[in-house]
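Asks: With the sequence up front, the predicted model follows.
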Amino acid sequence: MTTLRPLFGGALSAVIPYNVTDISELREIPDNQEVFAHPHTDQSLIVELLEYQGQVADQDAARYHFEDIAGSNKAQEPGAFDVSNVAALPKAEVSLSECSSAWMLKGTQCVSKFNEEARNTVSIHLGLLRLPQFSTDILITFNDPQSISPDSSSASAALTHREPWTVDDFRRTLLSLTLHDPGLFG
């Protein structure tokens, strides 16, 4: 079951899995992000408004943002991140008609949580909706841990994979994203 959820004060909306924890209710989240966590797994779904990277060609932009995330996750050393697939999404499938192009990337990163030594292998599904007219790239990221180190603070969550989110849930969120108020972009 899914539900259409207002994002960024209702300026955007998307179909988000029904069983989410809104992380902004637990801790401070940057104004340019909406962060949702699965209640029983270590999966997360992030909708992020980023500056449009005009110097990056459309077909390279998803990889650019993926590598930027790898840097934030301190997963930059050789072998710590890998892109397995980048594909353009047909405009007809995307609800956000204002986007100039839409992309989906699948990759993996070896990341540690909270600067722990323990490294976890995380599948990352990244959706990119490009809005040059608003100087914005919208990034939707689905983090899906594949192997959790027994020393990680996430080890207990790894044992309780009840009703995990799927790539279909992620696609539904990405394809359903709709703009209601362009004033969001300033």
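Replies: It's in. Not measured: the values here are computed from a predicted model.

Asks: need the contact list for the spatially closest residue to G54 that is not a sequence neighbour.
Replies: Spatial nearest neighbour of G54, chain neighbours left out: P132 (6.8 Å); criterion: Cβ to Cβ, 6 or more residues apart in numbering. From N, CA and C alone the C-beta is placed, and that goes for glycine too. Residues near P132 by Cβ atoms under 8 Å, 6 or more residues apart in numbering: 52, 54, 100.

Asks: Rebuild those as JSON lines, extending it with secondary structure.
Replies: Below are these laid out as JSON lines (DSSP: H, G, I helix; E, B strand; the rest coil):
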{"residue": "Y52", "secondary structure": "coil"}
{"residue": "G54", "secondary structure": "coil"}
{"residue": "S100", "secondary structure": "coil"}
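
Asks: By neighbours, which of those residues wins?
Replies: When neighbours are taken as other Cβ atoms under 10 Å, the top entry among those is Y52 (18 neighbours).

Asks: Leaving aside the residues adjacent along the chain, what's closest to that one?
Replies: The shortest distance from Y52 to any non-neighbouring residue, by Cβ to Cβ, 6+ apart, is to S135 (4.6 Å).

Asks: ok, the one you found - how many residues close by?
Replies: The burial count for S135: 13, using other Cβ under 10 Å.

Asks: so the residue nearest the centre of the chain, which of the three states?
Replies: Note on the chain: the residue nearest the mean C-alpha position is T141, at 0.9 Å, using Cα atoms, centre = their mean. Under three-state DSSP, T141 falls in the strand class.

Asks: In contact with it, which residues are there?
Replies: 44-46, 48, 69, 124-127.

Asks: Which members of those residues are positioned in helices?
Replies: The helices, defined by DSSP state H, take in I69 from these.

Asks: need the contacts of T141 in TSV with distance to S13, pLDDT and neighbour count, can you?
Replies: Formatted as TSV, those follow (distance: Cβ to Cβ, whole Å; pLDDT from 0 to 100; neighbours: other Cβ atoms under 10 Å):
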residue	distance to S13	pLDDT	neighbour count
S44	19	94	19
L45	14	96	25
I46	16	96	18
E48	16	97	16
I69	24	86	20
I124	24	93	22
H125	20	96	21
L126	20	97	24
G127	15	98	23
